[in-house]
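A.B. asks: Mind folding the following:
(2 chains)
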Amino acid sequence: MLEINNYKSDILNNITFQLNDNDNLIILGENGAGKSTLAKVLSNLIENQDVKLFGEKLDSIVDNKRASLINYIPPKLEIFDEYLTLREFMELASITSVDNDKITKLIKLLKLKKLENRYCKAFSSGEKQLLLLASSIMHDAKITIFDELTANLDISRLKEVYDILQSPMLQQKIVITHNLDLAYALKYKVLYLKDGEIEFYGEHDEFFSNENLKRFYNNTISKIDEHLVVNL
Amino acid sequence: MKKALFIVSIFILLIAPFLGEIALNLNEIFDSSSITYKVFWDLRISRVLLAFFVGGILALSGLIFQIIFKNALITPYTLGIASGTTMFTAISIVFFPTMLLSFSSALGSLFTITILYFISRRINKDSIAVSTNSILLIGIALSYFYSSVLLLVFYMSNLEQNYSIVRFTLGSLDTVGFTSSITVFVTAMIMYFTIYKNRAKIKLLLISNDTAFLKGLNVHKLNLLLLVVISLVVGISISFVGPIGFVGLVVPHIIKLIYKQSADKLIFPVFFYGGIFLVVSDLIARNLNTASSIPIGVVTAFIGAPFFVYLLIKRNKRA
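C.D. replies: Below is the predicted model of the structure:
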């Protein structure tokens, strides 16, 4: 279980919610609402005293154990060394002993074979995001937070990512996205942030009711025949 | 390419002690009563060894500092550690003449890295990542501060002290006997094996500090360990040879271009070719002008400063 109690900072205000073991979560909100900041707080990249993971204070969990509980996948792959290859990156992604078969399988699954021995730093943004997804499966934390994982992906790749998110390859997932179609299709619980505060936290069906869509997206989006439609 | 380079380097190492102002009479090398014997063993061999290990230390320290601060322009030299060491040494030459120079140098180095570390922690208050450009600017600010203190000390010193300070800042590999080369060798090994032992952790830092943290690494602890060990070792080696710039900048960069491998696999090549780089620079310094040798710091700066500008241009092109 993930809990956060009354977290406050310059960006976020009065953040309190609980996510049960087996519940996945979508975090939505406008640009600058504080979604990424919240994700960093939940993973202790921004140090804090207000998050509890499975009953223990995040701040006091030892580093190795924390790594096995929570992982954060940033929107962009940041990588300092110019000569790290994809294969090496995947080896580094694993927090226990390296399982080479698993790496090979994942590379095949995500159709990254031709990049296997190339340098990650030179990848396109889409390739980098697939690599990040693959690395999150390697890491296999209890909770994985994806920050804008699908921003640079082709539609066909988006479907692959969706299938992986729906598969049992990953444990509990928290997905931050601007892609409402993806959010709608995933059927996770929804948390909506506005100006650093939680405006909505609840079940998928409730959020995607026409009434709430009108409230959060000012008539720009509505639901017709169980599909979201943008009114431009 | 790699093999040829290695063979040439070994060859240079072997012939380096035979080259210099005084021509050696090869028959007398093992005749302990001859002048050649004294020049060859006590001056030349010890000098080549000193140059090799100092070069290795400086190059490897550059590589690791660049990984810690995520910036290819950072070395102990550009961060102001060399000028901090120089200032402390000058102070001890003038005000505490009985103090061991290695001690004051190590103190200066450690003092500087402590300031840098705490300022950088403060800038990145609640984050694991580092803001690399601000750390470089702080290094420059520190260097300015140290230079002005150095000038003040200079102003307050007498002629003899004046001369010692100038000689020290110019950098020199002049050495008699093996005391300095053995000391530097021991510190080099301590640094090398500290880095080598932690290479798996350092490899995580090659991605980003955030990623390393998420994989369960105590990033601050590792960084602190590496910074303290490297600063001490660099400080001690500077006390023997003076501040020699740009080795840590030029060598890691060229080795990366040649090897095209991630930095965790370059610990040995960077150390080795750093040593070769300084041995060659010293050969140039000793043999260009027959009247007396040029200060080694001048030679490395002549090679390194244009290289620094080249790196800056290349970096901006990419961004």
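
A.B. asks: For the closest residue to chain A within the stretch 101-250 of chain B, list the residues it contacts.
C.D. replies: Residue nearest to chain A within the stretch 101-250 of chain B: residue B:216 (3.2 Å; CB to the nearest CB). Yep, even glycine has a C-beta here, placed from its N, CA and C like the rest. Going by CB atoms under 8 Å, 6 or more residues apart in numbering or on different chains, residue B:216 touches A:63-68, A:95.

A.B. asks: you'd agree it is in a strand?
C.D. replies: No: under the criterion used here (DSSP: H, G, I helix; E, B strand; the rest coil), residue B:216 is coil, not part of a strand.

A.B. asks: one step back: between the contacts of residue B:216, which is closest to chain B?
C.D. replies: Using CB to the nearest CB, the contacts of residue B:216 come closest to chain B at residue A:67, 3.2 Å.

A.B. asks: and that closest one, that one's in a helix?
C.D. replies: Yes: counting by three-state DSSP, residue A:67 is located in a helix.

A.B. asks: Chain A versus residue B:260, what's the distance?
C.D. replies: 5 Å (CB to the nearest CB, to the nearest Å).

A.B. asks: just checking, that residue touches residue A:81?
C.D. replies: No: judged on CB atoms under 8 Å, residue B:260 makes no contact with residue A:81 at a distance of 11.1 Å.

A.B. asks: So between those two, which is more surrounded?
C.D. replies: residue A:81 (24 against 10; other CB atoms under 10 Å in any protein chain shown).

A.B. asks: Nearest spatial neighbour of the more buried one, chain-adjacent residues omitted?
C.D. replies: residue B:206 (3.8 Å; CB to CB, 6 or more residues apart in numbering or on different chains).

A.B. asks: neighbours of the one you found, just the number please.
C.D. replies: 22.

A.B. asks: OK, contacts around it?
C.D. replies: Counting by CB under 8 Å, 6+ apart, the residues that residue B:206 touches are A:79-81, A:84, B:67, B:262-264.

A.B. asks: just residue A:199 next, same as before
C.D. replies: A:29, A:192-193, A:216.

A.B. asks: hang on, it in a strand?
C.D. replies: Yes: looking at residue A:199 with three-state DSSP, it is inside a strand.

A.B. asks: Which one of the contacts of residue B:206 is nearest to residue A:103?
C.D. replies: Closest to residue A:103 out of the contacts of residue B:206 is residue A:84 (14.2 Å), distances taken as CB to CB.

A.B. asks: Could you report the pLDDT at the closest one?
C.D. replies: Confidence at residue A:84, expressed as pLDDT, is 95.

A.B. asks: how about it, phi and psi?
C.D. replies: Torsion angles at residue A:84 (phi, psi; degrees, to the nearest 10) stand at phi -80, psi 130.

A.B. asks: With secondary structure and distance to residue A:103 added, can I get the contacts of residue B:206 in TSV?
C.D. replies: Below are those laid out as TSV (DSSP: H, G, I helix; E, B strand; the rest coil; distance: CB to CB, whole Å):
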residue	secondary structure	distance to residue A:103
A:79	coil	17
A:80	coil	22
A:81	coil	19
A:84	coil	14
B:67	helix	24
B:262	coil	16
B:263	helix	21
B:264	helix	18
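
A.B. asks: Can you name the residues that contact residue 73?
C.D. replies: No chain was given, so I picked chain A. Contacts for residue A:73 (CB under 8 Å, 6+ apart) come out as A:132-133, A:135-136, A:144-147, A:149.

A.B. asks: Not quite, go with chain B.
C.D. replies: Counted by CB under 8 Å, 6+ apart, residue B:73 has contacts B:66, B:136, B:249, B:308, B:311-312, B:315.

A.B. asks: Need the pLDDT of the residue of the stretch 101-250 of chain B closest to chain A.
C.D. replies: 94.

A.B. asks: How much space separates it from residue A:59?
C.D. replies: Residue B:216 sits 15 Å away from residue A:59, going by CB to CB, to the nearest Å.

A.B. asks: next one: residue A:218
C.D. replies: On the measure of CB to CB, residue A:218 and residue A:59 end up 39 Å apart.

A.B. asks: who's more crowded, those two?
C.D. replies: residue A:59 (13 against 8).

A.B. asks: who are the neighbours in contact with the residue nearest the centre of chain A?
C.D. replies: Nearest to the geometric centre of chain A sits residue A:146, at 1.4 Å (CA atoms, centre = their mean). Contact partners of residue A:146, counting by CB under 8 Å, 6+ apart, are A:73, A:133, A:136, A:173-177.

A.B. asks: Out of those residues, list just those in strands.
C.D. replies: Of the contacts of residue A:146, the ones assigned to strands by DSSP state E are A:73, A:173-176.

A.B. asks: ok, of these, which one's closest to residue B:198?
C.D. replies: Closest approach between the ones in strands among the contacts of residue A:146 and residue B:198, by CB to CB: residue A:73, at 25.8 Å.

A.B. asks: what bridges to that closest one?
C.D. replies: residue A:146 (DSSP bridges).

A.B. asks: One more: residue A:190?
C.D. replies: Beta-bridge partners, per DSSP bridges, of residue A:190: residue A:26, residue A:202.
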